[in-house]
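In: can you look at this prediction? I've put the sequence above it.
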Amino acid sequence: MRRRPEPRRQARIRATLYLAPELLDEARNATVFLAGYPVRLTLTRLVEQALRTELRRLKDTYNMGNEFPPRTEELKGGRPIAA
């Protein structure tokens with residue numbers, strides 16, 4: 001039986017985010033609980049999967065399922081703009 005090649009790991013970039021302490025604590029609890037076999041969850045994988053899921057939902061809801069256009073400027077810090 002042939003082994004399937006492992007997918008190539010993409011380079012990672014460090015990102016600094018501010019999260020509610022309870023949310024981060026719950027994510028860490030889940031990661032520790034599911035770190036072993038069979039899930040082998042890491043905090044990075046949990047966050048990546050959550051971001052992918054939410055980005056798919058946002059694309060479907062607000063952009064007819066299409067990719068968002070590339071940004072022409074960097075994110076601005078501070079409070080979000082009120083609607």
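Out: Sure thing, it's come through.
In: pLDDT below threshold where in this structure?
Out: Residue ranges of the chain with pLDDT under 70: 1-7, 81-83.
In: rerun at 90
Out: Applying pLDDT under 90 to the chain picks out residues 1-12, 16-17, 75-83.
In: now do the strands in it.
Out: For the chain, strands defined by DSSP state E do not occur.
In: kindly list the longest helix within it.
Out: If you go by DSSP state H, the chain has its longest helix at helix 43-62.
In: centre of the chain versus that helix, how much separation?
Out: Distance, stretch centre to chain centre, for helix 43-62: 6 Å (C-alpha atoms, centre = their mean, to the nearest Å).
In: what sits up against it?
Out: Residues outside helix 43-62 that contact it (C-beta atoms under 8 Å, 6 or more residues apart in numbering) are 12, 27-28, 30-31, 65-68. For every residue, glycine as well, the C-beta is placed using N, CA and C.
In: residues in contact with Leu41?
Out: By C-beta under 8 Å, 6+ apart, the neighbours of Leu41 are 30-31, 34-35.
In: what is the burial count for the closest residue to it other than its chain neighbours?
Out: What sits nearest to Leu41 in space, not counting adjacent residues and going by C-beta to C-beta, 6 or more residues apart in numbering, is Leu34, at 3.9 Å. Neighbours of Leu34 under the rule other C-beta atoms under 10 Å: 15.
In: state the pair within the contacts of Leu41 that is farthest apart.
Out: Farthest-apart pair in those is Ala30 and Ala35; separation 9.4 Å (C-beta to C-beta).
In: helices along this protein, start to end?
Out: 21-33, 43-62.
In: can you put the ones you listed in JSON lines and add distance to Arg8 and mean neighbour count?
Out: As requested, the helices of the chain are arranged in JSON lines below (distance: least, C-beta to C-beta, whole Å; neighbours: other C-beta atoms under 10 Å):
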{"stretch": "helix 21-33", "distance to Arg8": "24", "mean neighbour count": "11"}
{"stretch": "helix 43-62", "distance to Arg8": "15", "mean neighbour count": "12"}
